[in-house]
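Engineer: no FASTA, just this:
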């Protein structure tokens, strides 16, 4: 067996071919004394023009030829004038002109040390006013701190995490890494195994590492919340999850110790992180308070006497008995719920409730979890709707403006798409209800559970404690749609019908392909050519591809690359070549509430705006109705959006949806709620590409059993 030839050289980065901010993996073109070289590995921390000392081994990739598989890449201080200018340009307010002035003033050999001696003074001499010089000095100190973190993390192949860790612990990052590396599991993207690798590097045996078992237990619960959506875990399942992390089954006594310390809470056989337990308890208590001790609630400002259903002046709004019951409940109880599938009249019911309340002189507020859902409410009701976060004045990480001390100024609050609200969001909402006000939660309990911990809407529906109107009648206009009929079949656990019956509108299609390459080729052809021609839609703005997983030939990442090449092949590159002008993008991993940009928001890259006063260039992005300017540090959250996961796109509604349902595209991960939600995203047509067997398996396999929550039991026991 041939031993790979080692690589140990200084290199200069020339181009970034590919980079993943989530994993830290990158493909770089670099220059070394031996000539050009392609580097692959954890290299996200290296920028174009930067020098680094790289170690690794040569590999011969069957598709891409000779490359260096990198083990470590330690950044080096720049030496050449051009590299120094590129390095200094990364400082806030220091553009190319000021970077050149600094190099000219202090010389290439002394400029970095000279700035280190008094950063603020150096930047003032380069032409910045005192305020901006102070901001530049702070930026400089952060960059130097990052370099020290790189050195500390590089031996573990973790240098790409330096900025993420420094952002989370701006003044204590070095101490955290050396004294308590398990603290890093609280940082997004730093898993237990990564932190454990750092801790084990400084210990002779795992038994000598303090806090290791406790960290594994807490991390297992955190992962259950963020990845599965469980608010808690049974004791046995928690211990098993910790065993997978530790390599051995921990003693149950470790849970008892964490409970005594107050970090965990145990309720019967269920174990919670304390903050999550407190939220679930609070939500249960507030819901019971809304219902009232006697079960009817009452006490609200809305009149419950007189007509219980509206009598529209024009006569165009005719309600079913189920809808009339929903209207009566909205006025009788302080909390009521409306649930139903597509085509069952949820929107008409919202309009009826809002109309009657307005005619009574009540102040009505409409809200939804996403901007798109809020706009749909506005269009349907004629009343301005807002996102829940906007209504609450809430930027996560800061307290909401509206809470029990400063409640929402309305007598009736109607919340649509409530199935998308997780535990934290639902608690913030009910905290902000004014005394005596009514709230109506509207949604589809069979849709995909929310991103984040909990499934409060589904729990409320299932509890049989909350006054709930279940809309089951499919109206004539919707009944002729194969999408609607197929969605209801999926709800029942059945395979949808793909052959149109008499009088049915054929808007649901299955196109079977056995091979992954054939399926990928078909998806690109459908999106770029066939569907736009047939339905007269824009292939970028009016078609969305949904897939269950990110990796693989039919994964989201691969589909995004192929679709961009078909739909935007000649867009000018920006952001080190990662993005192109004209790209369809999506916000991922974070929300920018102050700009109204939420995780899952679809955007289109219009242009790159030159920086002013030495600042870096920003991206100009177009949303549904407005333009956004994003600086480089915020633009890192943008990903290609031609294809996305169902979770990330569950607030999307558009003309055409293409769904990947293939064994080689994570078909096992495609479950009933995910398929149901994806099918109902489209108004004109839904096309499923893959296998009938995968669709049938997904329809009969619910995902709800994997997500643990005790809210429903809490309500049932209390009543």
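Structural biologist: Okay, I see it. Since the model is a prediction, treat every value here as computed from it, not as a measurement.

Engineer: remind me which residues of the stretch 201-350 of the chain are low pLDDT?
Structural biologist: By pLDDT under 70, the weakly predicted segments of the stretch 201-350 of the chain are 202, 293-317.

Engineer: Ignore what I typed, I meant the stretch 51-200 of the chain.
Structural biologist: 62-64, 151, 155, 157, 188-189.

Engineer: buried stuff in stretch 126-142?
Structural biologist: For stretch 126-142, the neighbour count (16 or more other C-beta atoms under 10 Å) marks 126, 127, 128, 132, 133, 134, 135, 136, 137, 139, 140 as buried. (C-beta placed from N, C-alpha, C; glycine too.)

Engineer: hang on, the third one is in a helix, isn't it?
Structural biologist: Put plainly, it is residue 128. No. Applying DSSP: H, G, I helix; E, B strand; the rest coil, one finds residue 128 to be coil, outside a helix.

Engineer: Verify the stated contact: it with residue 98.
Structural biologist: Yes. Shown here, residue 128 and residue 98 form a contact pair, counting by C-beta atoms under 8 Å, at 7.2 Å.

Engineer: where exactly do the strands run in the stretch 251-400 of the chain?
Structural biologist: 264-267, 270-273, 335-340, 364-368, 385-387 (DSSP state E, counting those that start in this stretch).

Engineer: Pick the most deeply packed of these.
Structural biologist: strand 335-340 (a mean of 26; mean count of other C-beta atoms under 10 Å).

Engineer: Check which helices and strands it sits against.
Structural biologist: For strand 335-340, the contact count by 3 or more C-beta pairs under 8 Å, 6 or more residues apart in numbering; DSSP states H and E identifies helix 274-291, helix 321-332, helix 346-359, strand 438-443, helix 456-463, strand 468-471 as packing neighbours.

Engineer: That strand versus helix 346-359: what angle between them?
Structural biologist: Counting by axes from the mean of the first three to the mean of the last three C-alpha atoms, to 10 degrees, strand 335-340 lies at 150 degrees to helix 346-359.

Engineer: Quick one: neighbours of the residue lying closest to residue 404 once chain neighbours are set aside, just the number.
Structural biologist: Spatial nearest neighbour of residue 404, excluding adjacent residues (C-beta to C-beta, 6 or more residues apart in numbering): residue 431 at 5.4 Å. Applying other C-beta atoms under 10 Å, we find 18 other residues in the vicinity of residue 431.

Engineer: What of the one 4 residues further on?
Structural biologist: The local packing of residue 435 (other C-beta under 10 Å) involves 10 other residues.

Engineer: got the contact list for it?
Structural biologist: Counting by C-beta atoms under 8 Å, 6 or more residues apart in numbering, residue 435 touches residue 407.

Engineer: quick one: it from residue 497, how far?
Structural biologist: Note on residue 435: its distance to residue 497, by C-beta to C-beta, to the nearest Å, is 50 Å.

Engineer: Strands of the stretch 501-650 of the chain, residue ranges please.
Structural biologist: Under the criterion DSSP E, counting those that start in this stretch, the stretch 501-650 of the chain contains strands at 508-512, 543-546, 573-574, 579-580, 584-587, 602-609, 618-622, 627-630, 638-640, 643-644.

Engineer: hey, which strand is longest across this protein?
Structural biologist: strand 6-19 (DSSP state E).

Engineer: so how far is stretch 211-227 off the chain centroid?
Structural biologist: Chain-centre distance of stretch 211-227: 20 Å, with C-alpha atoms, centre = their mean, to the nearest Å.

Engineer: scratch that, stretch 363-370 is what I was asking about
Structural biologist: Between the centre of stretch 363-370 and the centre of its chain there are 22 Å (C-alpha atoms, centre = their mean).
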